[in-house]
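**Q** sharing a model prediction with you, sequence too.
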2 protein chains.
Amino acid sequence: MKQLHTIAQCKQWIEAAKASGQTIGFVPTMGYLHEGHLALVNAAKQENDLVIMSIFVNPTQFGPGEDYEVYPRDENRDLALAKKVGVDVVFTPTVDEMYPKETTIQIVPGAQKNVLCGKSRPTHFDGVLQVILKLFNIVTPTTAYFGMKDAQQLAIIETFMEAFNFSTTIRRVPTIREEDGLAKSSRNVHLTEIERLEAPAIYKALQSGQALFRKTKNTAQTIETVRQQIETHTSGKIDYVELLAYPQLTPIDAHTTEVIIATAVHFAHTRLIDNIILQIEDEEHVSNDDE
Amino acid sequence: MKQLHTIAQCKQWIEAAKASGQTIGFVPTMGYLHEGHLALVNAAKQENDLVIMSIFVNPTQFGPGEDYEVYPRDENRDLALAKKVGVDVVFTPTVDEMYPKETTIQIVPGAQKNVLCGKSRPTHFDGVLQVILKLFNIVTPTTAYFGMKDAQQLAIIETFMEAFNFSTTIRRVPTIREEDGLAKSSRNVHLTEIERLEAPAIYKALQSGQALFRKTKNTAQTIETVRQQIETHTSGKIDYVELLAYPQLTPIDAHTTEVIIATAVHFAHTRLIDNIILQIEDEEHVSNDDE
C-alpha cells in the first residue's frame, strides 16, 4: 500500500492510473477507522480496479466549540487496517496542504442544511462540501462510497453531484452496527461504560418508529414514539428526532418514495447520530390489493 | 465541426477524446461571437489537440431587471464563425438541459464579489461560478480560456480554481479592441451611433489613469482623473471607477504586484465595462538603481 501526503503526488498517481484505463474507487474518511469504513472499502474493491482512501480530519466542518481537537486520531492503526483490507493508496494530507490560505469562496447547501444535524451545526455542511469538492478535484473518482449513518451528508452530496453534473457515481453503503445494534462510529470511544450500555436503545427506538410509521404513516406519532423510547432508556439528551423525505430532506408528501427517521443524542462527552431510511411502497400495496 | 446539445453527448465525446490522450482546450461563451472570443479560440488551438466552445446564455448570472431577455443571440452566425476559426466541437445546451430543476446549493464568492461589478450585480458571480463548475464537470478541460475584459470574473475563477484544487489551467487572454480602442463586446450593438462615437473615451481615460498611477502611485488621484475624463467625454453614467490589487480585488498595499484600474459605464440601452491590468515593478526599479 502506497501512502501519499501531497496533493501533487496524489494527482500524479491518479493521472497515471487513469491513463492506463483503471477505475478509481474513493473512500473519503476522517480516520480512526472502524468496520463501517472497512465496509466502504469492500464495496469499492468490488467495483473498481484501484481503491484510494483519504484520511483527513477536516477542520472546516467542525464549528467553534465542537470536537475537532479531541476527535480521535490514530494514523498507525488506520494505516495497518487500510492495508489489511486492501486499500491501494492512502492520501493523508496535512491541514496546511489542504488549506494553505483562508478560502474566500464558500459552497452553501440550501434548505437541506436547515434540518437534522444542520440545525445545531450551521456551518458543518459548508465545510463538508468544501472538502468534498477539493478531494473530488484531486482524486477524480469513478465511484465514491459514503456510509448511510451520515445520512444528511450523503443526501447533500448526492444533491451536489446531480446539480453540478459531476461524473462520479455515489454509492450508499448501509450502516454497520455492533451486535447490540449500536451504529459503529469513531465517536463511540467517548461513551462512558453506562452510556455504552444505554446507547443501543437509540436504534431500537428508530426500529419501533419504523414499524409504527409503516403501519400508520403518522409522522407526529412516529417522532413522539422514538423520542419517548430514547428518553426512557438512555440518559442522553435528544438533539432532534425528525422524519423527512429522503434525500430531499423536506416534509413528506404524496410524492415521497423514500423516508428517513433520524435522531441525534447528546451524551456526556459525545453526540451520537443514527437513522433508518425506508421505502414507501403504497403503490405496490395497492396493486397487490387489486390482484 | 461537431455540434452537441446534451450533457450526456458532451461527456461521451470528452471521455473518448481523453481516452486517446488528447488535450482539451475550452472556450466558454455566451455566444454572439466577436473577435475577443476568436482570440480565445486561437489561444486554445495553439495549446491543445482539440478545442471545445460552449455557447450558453446562462440565466443564473443575470439579476432581476438585467438584460437576459435582450442579450444578443445569433446561433447560426456563431456556428459559422466557430467553424471558420477551427473549433472542433460546439456545446449548445438548452436552459432546461443545464437547469432541469431549481438548484438549492450555491457557490458564493467572498469579498471578491463586493467590489467592481459585484456591487451592482450582487448575485452575478454566484451564477458565474455555478455555471463554471457545471461546465468544468462536463468538459473537464485541460486548459480554459478567459478574456481579460471580464477581469473580475477571471479573478474569481482563478481564485476558485486554486482554492478547490482544480486541475484545469486558466489562461488570461488580452482584451481585443476596435481600432479606436473600444473593447470588443457583444453588448456594443446596443450603443446608439452617438454613444458609439463617445465610447472609446473609456479606454483613453483608463490609459491616462495608468500613466498617472505609474508616475504617482496615487490611487485617489488616479480614480478621479479617470472619472473626470469619462464624465467629460461621454454621455454615460459612471457605475464605478476602482483601482485594486489583482486578482485579490482588495485595496492595494506594499505587497501588491499587480493592479487593476476598472470601470463600468451605463449608456442608454447597455452597460459597458473595461479595465487595464498593470504590473508594479518597484523592486525592479530599486534593483536597477542599485546597479
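**A** Arrived safely, thanks for sending.

**Q** element containing the closest residue to residue A:222 other than its chain neighbours, please.
**A** Excluding its sequence neighbours, the residue lying closest to residue A:222 (Cβ to Cβ, 6 or more residues apart in numbering or on different chains) is residue A:213, at 4.3 Å. Every C-beta, even on glycine, is put in place using the N, C-alpha and C of the backbone. In this structure, residue A:213 sits in helix A:200-216 according to DSSP states H and E.

**Q** contacts for that helix, please.
**A** A:177-178, A:180-183, A:218-219, A:221-223, A:225-227, A:229-230, A:232-234, A:236, A:241, A:243, A:259, A:261-263, A:265, A:272, A:274-276, A:278 (Cβ atoms under 8 Å, 6 or more residues apart in numbering or on different chains).

**Q** can you list the buried residues in the helix or strand containing residue A:40?
**A** Secondary structure from DSSP H and E places residue A:40 in helix A:35-47. Within helix A:35-47, the residues that count as buried by 16 or more other Cβ atoms under 10 Å in any protein chain shown are A:36-45.

**Q** TSV please, covering the residues you listed and showing distance to chain B and pLDDT.
**A** Shown next, in TSV, are these (distance: Cβ to the nearest Cβ, whole Å; pLDDT from 0 to 100):
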residue	distance to chain B	pLDDT
A:36	26	95
A:37	23	96
A:38	27	97
A:39	28	97
A:40	22	98
A:41	23	98
A:42	27	98
A:43	23	98
A:44	21	98
A:45	24	98
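
**Q** quick one on the thing from earlier: pull out the buried residues from the helix holding residue A:213.
**A** A:200-206, A:208-210, A:212-213.

**Q** go on, stretch A:156-167?
**A** Here stretch A:156-167 shows A:156-161, A:163-166 as buried, counting by 16+ other Cβ under 10 Å.

**Q** re the thing from before, how close does the residue nearest to residue A:222 get to residue A:276?
**A** Going from residue A:213 to residue A:276 by Cβ to Cβ, to the nearest Å gives 9 Å.

**Q** need the overlap of contacts for the two.
**A** Applying Cβ under 8 Å, 6+ apart, one finds that residue A:213 and residue A:276 are jointly contacted by residue A:261.

**Q** pLDDT added to the buried residues of helix A:200-216, as TSV?
**A** Listed next are these as TSV, based on pLDDT from 0 to 100:
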residue	pLDDT
A:200	98
A:201	98
A:202	98
A:203	98
A:204	98
A:205	98
A:206	98
A:208	98
A:209	98
A:210	98
A:212	97
A:213	97
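
**Q** relative to residue B:145, which of those residues is nearest.
**A** Closest to residue B:145 out of the buried residues of helix A:200-216 is residue A:206 (52.6 Å), distances taken as Cβ to Cβ.

**Q** where's the closest one relative to residue A:223, distance?
**A** Here residue A:206 is placed at a distance of 11 Å from residue A:223 (Cβ to Cβ).

**Q** ok, now residue A:34?
**A** Using Cβ to Cβ, one gets 29 Å for the distance from residue A:34 to residue A:223.

**Q** next one: residue A:118
**A** Distance, residue A:118 to residue A:223, using Cβ to Cβ: 17 Å.

**Q** go ahead and confirm residue A:139 touches residue A:52.
**A** Yes. Contact criterion Cβ atoms under 8 Å: residue A:139 and residue A:52 qualify, at 5.9 Å.

**Q** comparing the two, which residue is more hemmed in?
**A** residue A:52 (27 against 24; other Cβ atoms under 10 Å in any protein chain shown).

**Q** what about that one, which helix or strand?
**A** strand A:50-55.

**Q** ok, that strand: who's next to it in the sheet?
**A** Strands adjacent to strand A:50-55 in the sheet, as given by DSSP bridges, are strand A:24-29 (parallel), strand A:89-91 (parallel).

**Q** the closest residue to residue A:2 other than its chain neighbours: neighbour count?
**A** Sequence neighbours aside, residue A:89 is the residue nearest to residue A:2 in space, at 4.8 Å (criterion: Cβ to Cβ, 6+ apart). Residue A:89 has 22 neighbouring residues, counting by other Cβ under 10 Å.

**Q** now swap in residue A:280 and tell me
**A** Residue A:280: 17 neighbours (other Cβ under 10 Å).

**Q** domain-wise, how is chain A divided?
**A** Split into domains by automatic domain parsing, chain A comes to A:2-173, A:186-280.

**Q** now the strands for chain A?
**A** Under the criterion DSSP state E, chain A carries strands at the ranges A:2-4, A:24-29, A:50-55, A:89-91, A:106-108, A:143-147, A:169-173, A:237-245, A:258-266, A:271-279.

**Q** would JSON lines of those with mean pLDDT be doable?
**A** Converted to JSON lines, the strands of chain A look like this (pLDDT from 0 to 100):
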{"stretch": "strand A:2-4", "mean pLDDT": "98"}
{"stretch": "strand A:24-29", "mean pLDDT": "98"}
{"stretch": "strand A:50-55", "mean pLDDT": "98"}
{"stretch": "strand A:89-91", "mean pLDDT": "98"}
{"stretch": "strand A:106-108", "mean pLDDT": "97"}
{"stretch": "strand A:143-147", "mean pLDDT": "98"}
{"stretch": "strand A:169-173", "mean pLDDT": "98"}
{"stretch": "strand A:237-245", "mean pLDDT": "98"}
{"stretch": "strand A:258-266", "mean pLDDT": "98"}
{"stretch": "strand A:271-279", "mean pLDDT": "97"}
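
**Q** among these, which is nearest residue B:143?
**A** strand A:24-29 (22.8 Å).

**Q** what's the separation between residue A:206 and chain B?
**A** Distance, residue A:206 to chain B, using Cβ to the nearest Cβ, to the nearest Å: 26 Å.

**Q** out of the contacts of helix A:200-216, which are buried?
**A** Among the contacts of helix A:200-216, the ones that count as buried by 16+ other Cβ under 10 Å are A:177-178, A:182-183, A:219, A:222-223, A:225-227, A:229-230, A:234, A:236, A:241, A:243, A:259, A:261-263, A:265, A:272, A:274-276.

**Q** got any residues that touch both of residue A:206 and residue A:223?
**A** Each of residue A:261 lies in contact with both residue A:206 and residue A:223 under the rule Cβ under 8 Å, 6+ apart.

**Q** residue A:260 is in contact with residue A:279, correct?
**A** No. With contact defined as Cβ under 8 Å, residue A:279 does not count as touching residue A:260 (11.2 Å).

**Q** more neighbours: the two, which one.
**A** Set side by side, residue A:279 and residue A:260 show more neighbours around residue A:260, with 25 against 10, by other Cβ under 10 Å.

**Q** contacts only, for the more buried one.
**A** A:151, A:155, A:242-246, A:249, A:275-277.

**Q** distance from the strand holding residue A:52 to the middle of the chain?
**A** 16 Å (Cα atoms, centre = their mean, to the nearest Å).
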